[in-house]
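Visitor: I would like the atomic coordinates for the input below:
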Amino acid sequence: MGACAIRHGQAVSVSRKHASLSCLKPLVGVLDTSIAKEPPKRADSFYTSPEWRALMAEIKRERPNCCERCGRSGTRLFGDHIVELKDGGAKLDKRNVQLLCGSCHTAKTASVRAERNARIW
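Guide: Next up is the predicted model:
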């Protein structure tokens, strides 16, 4: 036998198998939707399309090689939709794309996502 379980205030001897099953605690709690966060943004396959790559090449030829928000140069620049696609922004309109460094792109995306979540809640 082995383990000892308490039932109705009395110790009862139970087999090892039953003891381990009865002692298990739930591993997954209830999701609190008031604090649940949206999953991290995942890049859409659109951003590897020939159309997007051609647009980015054209924008990079026409504009200075620096972040359009902070002015940082000598770093990788990301094409960022000013009005995000989820919010109705145009996919391939040069006027809706800005070149941002990684820090500015992350901050801008987080800010827009927070605003969107605030509108939903």
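Visitor: Low-confidence stretches in this protein?
Guide: 1-26, 41, 121 (pLDDT under 70).
Visitor: okay, the longest helix seen in it in CSV with CA atoms only?
Guide: As assigned by DSSP state H, the longest helix anywhere in the chain is helix 102-120. Output of helix 102-120 as CSV, limited to C-alpha atoms (Å, rounded to 0.1, in the frame of the first residue of the first chain):
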residue,chain,number,x,y,z
GLY,A,102,13.8,48.7,-34.2
SER,A,103,13.3,50.6,-31.0
CYS,A,104,10.8,53.1,-32.5
HIS,A,105,9.0,50.4,-34.4
THR,A,106,8.5,48.3,-31.2
ALA,A,107,7.4,51.4,-29.2
LYS,A,108,4.9,52.5,-32.0
THR,A,109,3.5,49.0,-32.4
ALA,A,110,3.0,48.6,-28.7
SER,A,111,1.3,52.0,-28.4
VAL,A,112,-1.1,51.3,-31.3
ARG,A,113,-1.9,47.9,-29.9
ALA,A,114,-2.6,49.4,-26.4
GLU,A,115,-4.9,52.0,-28.0
ARG,A,116,-6.7,49.3,-30.0
ASN,A,117,-7.2,47.2,-26.8
ALA,A,118,-8.5,50.2,-24.9
ARG,A,119,-11.2,50.7,-27.6
ILE,A,120,-12.2,47.1,-27.4
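Visitor: so how far is residue 111 from the most centrally placed residue in the chain?
Guide: Closest to where the C-alpha atoms of the chain average out (Cα atoms, centre = their mean) is residue 40, at 0.7 Å. Computed with Cβ to Cβ, to the nearest Å, the distance linking residue 40 and residue 111 is 15 Å. C-beta here means a position set from N, CA and C on the backbone, and glycine is covered the same way.
Visitor: Perfect, I'm done here.
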